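1. take a look and give me a structure for this.
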Amino acid sequence: FFNKALNSSRFQADLASPPYFACPPLEAMEPQAKMQISFDDMNRIRILEADIFKQTENLAQESTGFVKKIEDFNGKVTSLLTVLRAQSLKIESAKLLAIGQKNRNKNEVENRRRMATELKLQISLKKQELERIRQQCQSLRKTDMEQKQIIEKFKSS
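-> Residues are numbered from 1 along each chain as shown. Predicted coordinates:
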C-alpha cells in the first residue's frame, strides 16, 4: 500500500506542484546521511534507530531538567540581588547616619573647646575684677582707718 501511494501519479503531481519540494532520492545522499526507517515497539514510524532515539529523549529530559535548574538558579539570584539591594540601602542609610553623628560629635568637641576658652577668659576677667575690687576695698579700708584716726584725733583734742 505504501509503495503504491508513492508511485501514484497524483502523489507525484502533488510533489511537483509549488508549495511542495521534491527530496533527492536516498541514493543521491551521502552514505552517512541515509535514513533508516523503522518501527518502534508501539508500531510508530521512526527515522532514527531506537537507541539513538532513546539517547535523544534522555538528552531532551536532561536538557529540560537543566533548564529548570537554570530557571531556579535565576530565581534565587534575583531574590539574592533583591535582598542585597535592600541591604545596601540599609547600609547606605546607616552610613549616612554615622557620618552625620560623626560630624555632630566633631562639632560638639569644637563647641566644647570654644566654650572652655570663653569660660577661661571670663574666669580671667572675673579674677582681674576681683583683684581690682580687693585693692579698692583695701584702699577704702585704709582711707576709712585714716579718717577714723583723724576723727579720733579731733575728738581727743
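2. tell me where this structure is predicted with low confidence.
-> Counting by pLDDT under 70, the chain has low-confidence residues at 1-35, 48.
3. measure R104 to R113 for me?
-> To R113, R104 is 15 Å away according to CB to CB, to the nearest Å. To be clear about C-beta, it is placed using only N, CA and C from the backbone, and glycine gets the same treatment.
4. all the helices of this protein, in order from the start?
-> Counting by DSSP state H, the chain has these helices, from start to end: 2-7, 9-16, 50-156.
5. any chance of the ones you listed in CSV, plus distance to M42 and mean neighbour count?
-> What follows is these, written out as CSV (distance: least, CB to CB, whole Å; neighbours: other CB atoms under 10 Å):
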stretch, distance to M42, mean neighbour count
helix 2-7, 18, 8
helix 9-16, 27, 10
helix 50-156, 11, 10
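6. can you tell which of the ones you listed is closest to I37?
-> The stretch from the helices of the chain with the least distance to I37 (CB to CB) is helix 2-7; that distance is 10.0 Å.
7. quick check, central residue of the protein?
-> Here the mean C-alpha position of the chain is nearest to the C-alpha of R85 (CA atoms, centre = their mean), at a distance of 3.2 Å.
8. looking at the helices of the chain, which is nearest to S38?
-> With distances scored as CB to CB, the stretch of those nearest to S38 is helix 50-156 (7.1 Å).
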